[in-house]
Structures are given as C-alpha cells and as structure tokens.
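Peer 1: Quick one: sequence and predicted model below, then my questions.
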Amino acid sequence: MPVEFTLNGKPTSVDVDPSTPILWTLRDTLGLQGTKFGCGMAMCGACTVHLNGQAIRSCITPISAAEGQKISTIEAQANDKVGKAVEDAWVRHDVAQCGYCQSGQIMSATALLKGNKAPSDADIDAAMTGNICRCGTYARIRAAIHDAAKALA
C-alpha cells in the first residue's frame, strides 16, 4: 500500500515498505540526494529533514511516520523565507568546508529560527546538539544563525 505525504509542497506517493527510513525513500526512491547518510543511528544530524516543521533524523524515522504529513528537505529551503535567510548567512560566514554535514545543519538551524526568532547562544547550542561538523565550524555556524535571525527581524 502506498505511503502518501506532501514533499516540499507537492503531493507525493511512494510504494515502499512502510518501515523504510525516510532517508532512503528520499535518496533511493525519489532521487533527492541533498539529505545525507552519516551514521544511521540519529547521532550525527547529516540526515536531518523537517516533518511538519520539526527537525527529525530521517535515517531512523520510517516513511510510515510521514503518512498524511509534510516533509521538507534541503532542496526546498531556498523557496522558504527562513531557509533562504539561513542559506544566505551560511555563505556570508563561509560556514561550509567539506560540506557533508551542511544540509542537516541548515535544516536544524531553519527549524530553530522558525520557532525562535532571536535565539541566544544557549538556544543555538541546544538546537544544534547532535549535528556534528567534522571540520569544526561551530563558531561560524552560530554566527550564521545569529546573522540569519537579524536578517529576518
């Protein structure tokens, strides 16, 4: 039986095993390669997407959890006011180095700013916990989030 949901604003139906993680449905079935596989245990954040506006780890969330729900991926962030502000701030602050974790970082930052228009450093640290950047650009990530918040104010 197909799983039906809204993906990046468009009605979507997939015929996959309901236990298939959202990550693999996005990458393998739907061809959206922006969401990355990192650890497969929801510990690194590379696979972060939004489910009904909340940042979730798609590597452990079954596609059945998306039935009738809304999924947003990195591919749609430029079409969203907050997502675009975050992406622009990422560029201004030269956040990305290797870039592998960046889609998950941006998705977590966007979810934060949608719920908190003026986050403190502690708010940012709490929201971004679990998003691992092996290049160590955490100070730039925090600065970019503050910058995006100011741009949206």
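Peer 2: Yep, it's here.

Peer 1: Look up the closest residue to the residue nearest the centre of the chain, ignoring the ones flanking it.
Peer 2: Ranked by distance to the mean C-alpha position of the chain (Cα atoms, centre = their mean), the top residue is Met107 at 2.6 Å. Leaving out its chain neighbours, the residue that sits closest to Met107 by Cβ to Cβ, 6 or more residues apart in numbering is Thr48, at 4.2 Å. Quick note: C-beta positions are derived from backbone N, CA and C, even for glycine.

Peer 1: just checking, that neighbour touches Ser103?
Peer 2: Yes. Counting by Cβ atoms under 8 Å, Ser103 is a contact partner of Thr48 at 7.4 Å.

Peer 1: Quick check: neighbours shared by these two?
Peer 2: Counting by Cβ atoms under 8 Å, 6 or more residues apart in numbering, the shared contacts of Thr48 and Ser103 are Thr35.

Peer 1: Those two: which has the busier surroundings?
Peer 2: The residue with more neighbours, out of Thr48 and Ser103, is Thr48; 30 against 22, by other Cβ atoms under 10 Å.

Peer 1: Can you tell me who the more buried one pairs with across the strands?
Peer 2: Arg57 (DSSP bridges).

Peer 1: what residues are up against it?
Peer 2: Thr35, Ala55, Ile56, Arg57, Ser58, Ser103, Gly104, Gln105, Met107, Ser108, Asn131 are the contacts of Thr48 under Cβ under 8 Å, 6+ apart.

Peer 1: Looking at these, state which has the most neighbours.
Peer 2: Counting by other Cβ under 10 Å, top hit in these: Ser58 with 30 neighbours.

Peer 1: quick one, what contacts that one?
Peer 2: By Cβ under 8 Å, 6+ apart, the neighbours of Ser58 are Pro21, Ile22, Leu23, Leu26, Thr35, Cys47, Thr48, Val49.

Peer 1: Of the residues you listed, keep whichever come out buried.
Peer 2: Pro21, Ile22, Leu23, Leu26, Thr35, Cys47, Thr48, Val49 (16 or more other Cβ atoms under 10 Å).

Peer 1: returning to that earlier point: mind putting the contacts of Ser58 into CSV with pLDDT and distance to Gly115?
Peer 2: Conversion of the contacts of Ser58 to CSV gives the following (pLDDT from 0 to 100; distance: Cβ to Cβ, whole Å):
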residue, pLDDT, distance to Gly115
Pro21, 98, 25
Ile22, 98, 21
Leu23, 98, 23
Leu26, 98, 23
Thr35, 97, 21
Cys47, 98, 20
Thr48, 98, 15
Val49, 98, 16
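
Peer 1: Kind regards, and thank you for your time.
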